[in-house]
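Novice: next input, structure requested:
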Amino acid sequence: MNKNELIRELQLSRGGSFSEAKDFLEAFIEIVTTELGHDGEITLQGFGTLKPWHQTLRDGRNPKTGEPVTIPPRISVKFRPGKFLLDALNKKE
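Specialist: Prediction:
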């Protein structure tokens, strides 16, 4: 599912216009990005937790040439799924 498909599903499930659903999704993304950028954690009960993860400076190798390279530090995001999400994905039919 891409962004436009998600917007369309939001519109269909909640009603309203496509632009209202798009505005909602863009505001949600902006809030999550800002919070994670301030080292905050986002917890959506039952769905999961988004948490910034600080990767350190480390050595690596160029897979094509085998040449050693230094990988700079960066911030990534870890997602830990919640119980209800895991249960929904793994329910037996």
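Novice: quick one: contacts for residue 72?
Specialist: With contacts defined as C-beta atoms under 8 Å, 6 or more residues apart in numbering, residue 72 is in contact with residue 57. Bear in mind the C-beta positions are built from the backbone N, C-alpha and C, glycine included.
Novice: if you could redo that for residue 83, that was the one I meant.
Specialist: If you count contacts by C-beta under 8 Å, 6+ apart, residue 83 has them with residue 46.
Novice: go again using 10 Å as the cut-off
Specialist: Contact analysis of residue 83 by C-beta atoms under 10 Å, 6 or more residues apart in numbering lists 45-48.
Novice: what do you get for residue 19?
Specialist: Counting by C-beta under 10 Å, 6+ apart, residue 19 has contacts 7, 11.
Novice: give me the secondary structure label for residue 9.
Specialist: helix (DSSP: H, G, I helix; E, B strand; the rest coil).
Novice: adjust the sequence numbering to begin at 43 for everything that follows.
Specialist: All right, first residue 43 from here; so that's residue 51.
Novice: may I have stretch 89-102 as CSV, with CA atoms only?
Specialist: The C-alpha trace of stretch 89-102 is given here as CSV (Å, rounded to 0.1, in the frame of the first residue of the first chain):
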residue,chain,number,x,y,z
PHE,A,89,-0.3,-1.2,17.8
GLY,A,90,3.3,-0.6,18.7
THR,A,91,6.1,1.7,19.7
LEU,A,92,8.4,3.8,17.5
LYS,A,93,11.7,4.8,19.1
PRO,A,94,14.7,6.6,17.8
TRP,A,95,17.9,4.5,17.6
HIS,A,96,21.3,6.1,17.6
GLN,A,97,23.7,4.1,15.4
THR,A,98,27.3,4.7,16.2
LEU,A,99,30.3,5.2,13.9
ARG,A,100,31.4,1.9,12.6
ASP,A,101,33.6,0.1,10.1
GLY,A,102,32.1,-1.6,7.1
